[in-house]
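Colleague: Pasting a predicted model and its sequence here:
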Amino acid sequence: MPAVTVSDITVLPRVPEPGAAAVDRPVRSVTTAPTGFEGEGFPVHRAFAGIELRDLDPFLMMDQMGEVEYAPGEPKGTSWHPHRGFETVTYIMDGTFEHQDSHGGGGVITNGDTQWMTAGGGLLHIERPPESLVASGGLFHGLQLWVNLPKADKWLEPKYQDLRAGESTLLTTHDGGALLRVIAGDVAGHTGPGSTYTPMTMIHATIAPGAEVKLPWNRAFNALVYVLSGEGTAGADRRPVRSGQAVLYGPGDTITVAAGESQESRLAGMDVVVLGGQAIREPIAWAGPFVMNTKAEVMQAFEDYQKGKLGVVPATYVPHGSAGGNA
């Protein structure tokens, strides 16, 4: 899981220890992600399955794509499909993914890059592995997070952010025990590159065996940790957590997660994604690729899609054998 790393973590800015008066957020629940398939058939873990939408708000869902070692000819993607009313955040830790949309956005992301797509009023897009990865096979591992948009922003002009791995804000803990990659939001005054409509924070942390991360956290945000790999504990009461599990925290000032002393030999430590955002607290009407506020708006989205109002496949698009399915 290379994502982006540094040769000497001790040179990075440090997140100070929270003060004695800071309230550590309690663990409300630990859930295990079920497995499934998306698109043409690439394996995913449904990271937040079992957590109520009101607790996820402003997030909707997150899929962990892989980790999978593809044989030659096996890498899979999606066909052209629509979205309206929210944002997709695709973060690749291993492997390569291509993106293209009907609004002119697109690019190739790999090893720590992020595609941040604001669907807004609607577009078509496709995600697929490049021809070279289809031919060679190889390791693939990523995330796709769906972030809701408030009613006032659901009809925004579509927008695309291409965030390179090197743009992530790199930090460490007070004792140098973890590498924190800030993709969006603020951590102890250090801000990630992602521009968000809904206030939120997204971090990918690699925690050394036996180390603990205690992050200051906005009281107005919810708090979620998803374990990508490894095992450890969450919260002050040290609830056991492992790969494929999500932690929902209660209110407070800090988030605590720690890596176990012993990890798999192939792992540098315990890898987690830390998420939090300000709740939108609006009605959610959700069907397939559309997330609106009312059922009528969702039905209108399907009708607009069928009439071609969400865009057309670009004339420059050249299909290859890896496409198929929806995500």
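Modeller: Nice, thanks for sending it over.
Colleague: Now do the contacts for the closest residue in space to Arg239 that isn't next to it in sequence.
Modeller: Using C-beta to C-beta, 6 or more residues apart in numbering and skipping residues adjacent in sequence, the residue nearest Arg239 is Val27, 4.8 Å away. In short, each C-beta sits where N, CA and C put it, glycine included. Residues near Val27 by C-beta atoms under 8 Å, 6 or more residues apart in numbering: 234-235, 237, 239, 247-250.
Colleague: just these now: which is nearest Ile284?
Modeller: Leu248 (17.9 Å; C-beta to C-beta).
Colleague: ok so, going back, export the contacts of Val27 to TSV and tack on neighbour count and distance to Val147?
Modeller: Supplementary listing: the contacts of Val27 in TSV, determined by neighbours: other C-beta atoms under 10 Å; distance: C-beta to C-beta, whole Å:
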residue	neighbour count	distance to Val147
Ala234	25	23
Gly235	22	25
Asp237	10	30
Arg239	16	26
Val247	25	19
Leu248	21	17
Tyr249	26	18
Gly250	15	22
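Colleague: Which pair in those residues has the greatest spatial separation?
Modeller: Asp237 and Leu248 (14.2 Å).
Colleague: What ranges does the protein have for its helices?
Modeller: 53-56, 131-136, 295-306 (DSSP state H).
Colleague: and these, which one's lowest on average pLDDT?
Modeller: Lowest mean pLDDT of these: helix 131-136, a mean of 74.
Colleague: Can you give me the buried ones in that one?
Modeller: Across helix 131-136, burial judged by 16 or more other C-beta atoms under 10 Å covers 133-134.
Colleague: Same check on stretch 259-276?
Modeller: Applying a neighbour-count criterion of 16+ other C-beta under 10 Å, one finds 259-260, 263, 267-276 buried in stretch 259-276.
Colleague: so how far is the helix or strand of the chain with the lowest mean pLDDT off the chain centroid?
Modeller: Least confident element among the helices and strands of the chain, by mean pLDDT, DSSP states H and E: helix 131-136 (a mean of 74). Distance of helix 131-136 from its chain centroid, counting by C-alpha atoms, centre = their mean, to the nearest Å, is 25 Å.
Colleague: helices and strands around it, which ones?
Modeller: Helix 131-136 sits against no helix or strand, with contacts defined as 3 or more C-beta pairs under 8 Å, 6 or more residues apart in numbering; DSSP states H and E.
Colleague: Would you mind writing the CA trace of it as CSV?
Modeller: What follows is helix 131-136 as a C-alpha-only set of coordinates in CSV (Å, rounded to 0.1, in the frame of the first residue of the first chain):
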residue,chain,number,x,y,z
GLU,A,131,-4.9,-1.0,-21.3
SER,A,132,-1.5,-1.6,-19.9
LEU,A,133,-2.9,-2.8,-16.5
VAL,A,134,-5.5,-5.0,-18.3
ALA,A,135,-2.6,-6.6,-20.3
SER,A,136,-0.2,-7.1,-17.4
